[in-house]
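> Sequence below, structure please.
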Amino acid sequence: MTKLSVNINKIATIRNARGGVLPNVPLAAQRCEEFGADGITVHPRPDERHITYADVREIAQLVTTEFNIEGYPNSTFLDLVKEVKPHQVTLVPDAPDAITSNAGWDTVKHEAMLRDIISELKAHGIRTSIFVDTDLKHIEGAAKINTDRIELYTESYATAFISEKKEAAILPFIKAAKLAHNYGLGINAGHDLNLENLSYFAANIPSLDEVSIGHALISDALYLGLEETIKQYKSCLK
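Next comes the predicted model:
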């Protein structure tokens, strides 16, 4: 069964809008695990506008499932993850001012840089994943740099799914996943996956190891409650 990692950035966004400690972000991570999440994802950015570096350090001491840290691999980020040693680091090519992740890596253009960073993280015992689109040359590039996994950037799938073109929307992801699987890469996915489109995606990507979902899941929790929401997302992955 595909694992569900809950991205708790949006909980930190609510806290930071008011200041103080409510909602309690580390407690939210623990509750997500108690309610069935297979892992916790955070994405600290340089301006710490949601998850802070202090949050990362605290959550790392509490997570009992799997801890995944996403981010652009600048020196500060790399120092943090080498200190914390999460189970997985997901490298994303975000600019510092990006509102959210909006592109995958060009693994051909950045081959040397990514290979060096991945080698460094592996030396610290950290599984690595890189955020990529469905361009097959970027999948091939991912295999060359010795990453453990890729994370498929699923915004295009989610957008097309709304237009009731789900068969066409999923096709590039099926091709990309098959190629990645043939290269021996693990496959994660994330971005705009939700209760409407997740089941179809997971059913058509049988080699899918993990999905990381934050914005939609936390939004649904406002209506359904966190425990029920995680239960429904997990049901989509069966």
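
> Give the buried residues for stretch 66-76.
Of the residues in stretch 66-76, 66-73 count as buried by neighbour count, 16 or more other C-beta atoms under 10 Å. Bear in mind the C-beta positions are built from the backbone N, C-alpha and C, glycine included.

> ok, the closest residue to Gly184 other than its chain neighbours - contacts?
Nearest non-adjacent residue to Gly184, counting by C-beta to C-beta, 6 or more residues apart in numbering: Ala143, 7.6 Å away. By C-beta atoms under 8 Å, 6 or more residues apart in numbering, Ala143 lies in contact with 180, 183-185.

> As CSV, those with neighbour count and distance to Glu210 would be great.
Output for these, formatted as CSV (neighbours: other C-beta atoms under 10 Å; distance: C-beta to C-beta, whole Å):
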residue, neighbour count, distance to Glu210
Ala180, 25, 13
Tyr183, 14, 17
Gly184, 8, 16
Leu185, 23, 13
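
> Between which two of those residues is the distance greatest?
Using C-beta to C-beta, those reach their maximum pairwise distance at Ala180 and Gly184, which is 8.5 Å.

> Test my guess that Asp220 contacts Thr229.
Yes. Asp220 is within contact range of Thr229, at 4.6 Å (criterion: C-beta atoms under 8 Å).

> Neighbour count for the two, which is higher?
Neighbour totals were compared for Asp220 and Thr229, and Thr229 leads with 23 against 19 (other C-beta atoms under 10 Å).

> Surely that one is within a strand?
No. Applying DSSP: H, G, I helix; E, B strand; the rest coil, one finds Thr229 to be helix, outside a strand.
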